[in-house]
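In: Okay, sequence plus prediction incoming.
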Amino acid sequence: ETGVTQTPRHLVMGMTNKKSLKCEQHLGHNAMYWYKQSAKKPLELMFVYSLEERVENNSVPSRFSPECPNSSHLFLHLHTLQPEDSALYLCASSQTGGGDGYTFGSGTRLTVV
Amino acid sequence: GESVGLHLPTLSVQEGDNSIINCAYSNSASDYFIWYKQESGKGPQFIIDIRSNMDKRQGQRVTVLLNKTVKHLSLQIAATQPGDSAVYFCAENTRSSNTGKLIFGQGTTLQVKP
């Protein structure tokens, strides 16, 4: 365990389903991130939360909705996804929000059918 | 736009040999660089970092070299072991306002032959 825990590890959902991904960090960090990792593509930054405030949203479709209720928890709510949204979704945290030394979770492998 | 790239998608080395993984970055204003290792089924794990005021930094069996003149970063792994087989990503930090964000390259898959 890295100190960043993601659940579930695997998720299969239909295009009409609603599901949520959860991320929890026990490192005392004040910034959290969602990344999407697709095959043969670089890691894509989706959202950044610093001090529980969303500070970046990289043109992510509205079918992805993040939530950060406190500095230790981050959610990604999913609804009406497309098959091309199938990917590994990675959560990360850092201390300063300055991007130094992210700690990643193990990811949620999402398959949209 | 800004990008961080790696020269080779796959590198195959013999166990015991040294490995060199290369990375080119495009943003001359970046001041912090990190190498991550990602094993199958896991998230990326921090290996080593370097700031732009340094040219070289050494860890346990790993060395990172930074050449700011040509915007090139490399990761050297000494005496490569089967456990080193993974995908390696370089990342650069771009600082804007009060948050920074890491920009990742596409990754190099290191295969270690026994």
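Out: The structure has been received and is ready for your questions.

In: which other residues reach stretch A:35-50?
Out: With CB atoms under 8 Å, 6 or more residues apart in numbering or on different chains as the test, stretch A:35-50 has contacts from A:30-34, A:54-58, A:60, A:64, A:66, A:68, A:74, A:76, A:87-92, A:97, A:104, A:107, B:4, B:44, B:89, B:98-99, B:101-107. Where you see a C-beta, it was placed from the backbone N, CA and C, and this is true even at glycine.

In: redo that, cut-off 7 Å
Out: Contact with stretch A:35-50 is made by A:30-34, A:54-58, A:60, A:64, A:66, A:68, A:74, A:87-90, A:92, A:97, B:98-99, B:101, B:104-106, as judged by CB atoms under 7 Å, 6 or more residues apart in numbering or on different chains.

In: tell me how far the ends of that stretch are from each other?
Out: For stretch A:35-50, the first-to-last residue distance is 15 Å (CA to CA, to the nearest Å).

In: buried ones in it?
Out: Using 16 or more other CB atoms under 10 Å in any protein chain shown as the test for burial, stretch A:35-50 gives A:35, A:36, A:37, A:42, A:43, A:45, A:46, A:47, A:48, A:49, A:50.

In: Strands - which of the residues you listed land there?
Out: Mapping those onto strands (DSSP state E) picks out A:35, A:36, A:37, A:45, A:46, A:47, A:48, A:49, A:50.

In: of all these, which two lie farthest apart?
Out: Farthest apart among these by CB to CB are A:37 and A:50. That separation is 21.7 Å.

In: Tell me who's in contact with the most centrally placed residue in chain A.
Out: In chain A, the C-alpha nearest the mean C-alpha coordinate belongs to residue A:34, at 3.1 Å (CA atoms, centre = their mean). Listed by CB under 7 Å, 6+ apart, the contact partners of residue A:34 are A:46, A:47, A:66, A:74, A:76, A:89, A:91.

In: One more: residue B:82?
Out: Taking CB under 7 Å, 6+ apart as the test, what residue B:82 contacts is B:15, B:112, B:114.

In: Using TSV, lay out the residues you listed together with pLDDT.
Out: TSV is the format used below for those (pLDDT from 0 to 100):
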residue	pLDDT
B:15	97
B:112	96
B:114	89
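
In: JSON lines for those, including secondary structure, distance to chain A and neighbour count?
Out: Below are these laid out as JSON lines (DSSP: H, G, I helix; E, B strand; the rest coil; distance: CB to the nearest CB, whole Å; neighbours: other CB atoms under 10 Å in any protein chain shown):
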{"residue": "B:15", "secondary structure": "coil", "distance to chain A": "26", "neighbour count": "13"}
{"residue": "B:112", "secondary structure": "strand", "distance to chain A": "21", "neighbour count": "20"}
{"residue": "B:114", "secondary structure": "coil", "distance to chain A": "26", "neighbour count": "7"}
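
In: what's the single longest strand in chain B?
Out: Identified as the longest strand of chain B according to DSSP E is strand B:86-96.

In: So which elements touch that strand?
Out: strand B:4-6, strand B:19-25, strand B:32-38, strand B:99-104, strand B:108-113 (3 or more CB pairs under 7 Å, 6 or more residues apart in numbering or on different chains; DSSP states H and E).

In: Please repeat the previous calculation with a cut-off of 10 Å.
Out: In terms of contacts (3 or more CB pairs under 10 Å, 6 or more residues apart in numbering or on different chains; DSSP states H and E), strand B:86-96 is packed against strand B:4-6, strand B:19-25, strand B:32-38, strand B:45-51, strand B:72-77, strand B:99-104, strand B:108-113.
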